[in-house]
Structures are given as C-alpha cells and as structure tokens.
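**Student:** My questions are about this predicted structure, shown below with the sequence.
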Amino acid sequence: QVHLVESGGGMVQAGGSLTLSCAASGRTFDIYALGWFRQVTGEEREFVAALAWIAGTSHYSNSVRGRFTISRNNTSNAVYLQMNSLKPEDTALYYCAASDSPGPILSDRWYSDWGQGTQVTVSS
C-alpha cells in the first residue's frame, strides 16, 4: 500500500496560481503512476493529470492542459501539480492517487491508493 498526503491547497483569485504537493510513502517502489483528480460536492470525480512514474510521461485533461503542469521530485517520492491561470471552475477538492500497474491512466477506478484531498477555491 502507498500512503499519500496532499498539501498546498487554499484560496486564490481567478488568474492566480497554486502548487499542490503529494508526498508518497510506504510501498513506493510499486508505483506505476501518480495522478491528480478533483471532485466537487455532488459531482463525479474528474481526472486532472497523471504522471507515469518510471517513463516520466504526463497526461492532462482538456480542461487544464496548458495551464497545469505535473512533475515529480526525482530525489524524493513526491509529485507536484503547478496550477496557473486558475478559474472559478477549478474550485474542487483535489486528490492524489497511486496505481501499481499499467492501465487506463485517466480512469479513477484504476488507482488503488488515495490521499485525503486538499481544497482549492478560486474566487472570481
């Protein structure tokens, strides 16, 4: 099992930036991919971005491509989500998730370990 802890959420005005962090511990050698998802209360969880841990390839949803960047720290088991040009519609609870095998990297059902989430609120 991989233990994930998110941080960096907060409140920001539209057009601003935030960087989310996800610290991974436990069976980190099993990680195949780390992803970021977000969820608004009453709505389904939405894919945001993902990073294949060994290959280093990144994936983004159409709604954030060009504004958000996912990256990792090669010396620690951490992944980051740099969010620029934030919009009110980016407001959500953001989750970090880990998967230990190849699969549909955009699907939340493929990820087995999840953090508690960090709230991002963008005001207009």
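**Tutor:** That came through, no problem. Residues are numbered from 1 along each chain as shown.

**Student:** Which residues does stretch 93-113 contact?
**Tutor:** Residues lying outside stretch 93-113 but in contact with it, judged by CB atoms under 8 Å, 6 or more residues apart in numbering, are 1-4, 6, 9, 20, 22, 24, 27, 30-41, 45, 47-48, 50, 52, 59, 61, 79, 81, 114-120. Any C-beta I mention is one placed from the backbone N, CA and C, and that applies to glycine too.

**Student:** make it 6 Å
**Tutor:** Contacts with stretch 93-113, where a contact means CB atoms under 6 Å, 6 or more residues apart in numbering, come from 2, 4, 6, 20, 22, 30-35, 37-39, 45, 47, 50, 59, 114-115, 117-120.

**Student:** Please apply the same query to stretch 11-23.
**Tutor:** Under the contact criterion CB under 6 Å, 6+ apart, stretch 11-23 has outside partners 4-8, 78-84, 86-88, 94, 96, 121-124.

**Student:** Find the nearest non-adjacent residue to the spatially most central residue of the chain, please.
**Tutor:** In the chain, the centroid-proximal residue (CA atoms, centre = their mean) is Trp36; its distance is 2.0 Å. Here the nearest residue to Trp36 in space, its sequence neighbours aside, is Val48; by CB to CB, 6 or more residues apart in numbering that works out to 4.3 Å.

**Student:** For Leu81, give its distance to Val48.
**Tutor:** Leu81 sits 7 Å away from Val48 when distances are taken as CB to CB, to the nearest Å.

**Student:** same thing with Ser21?
**Tutor:** Applying CB to CB, the value for Ser21 to Val48 is 14 Å.

**Student:** quick one, which of those two is more surrounded?
**Tutor:** Val48 (24 against 16; other CB atoms under 10 Å).
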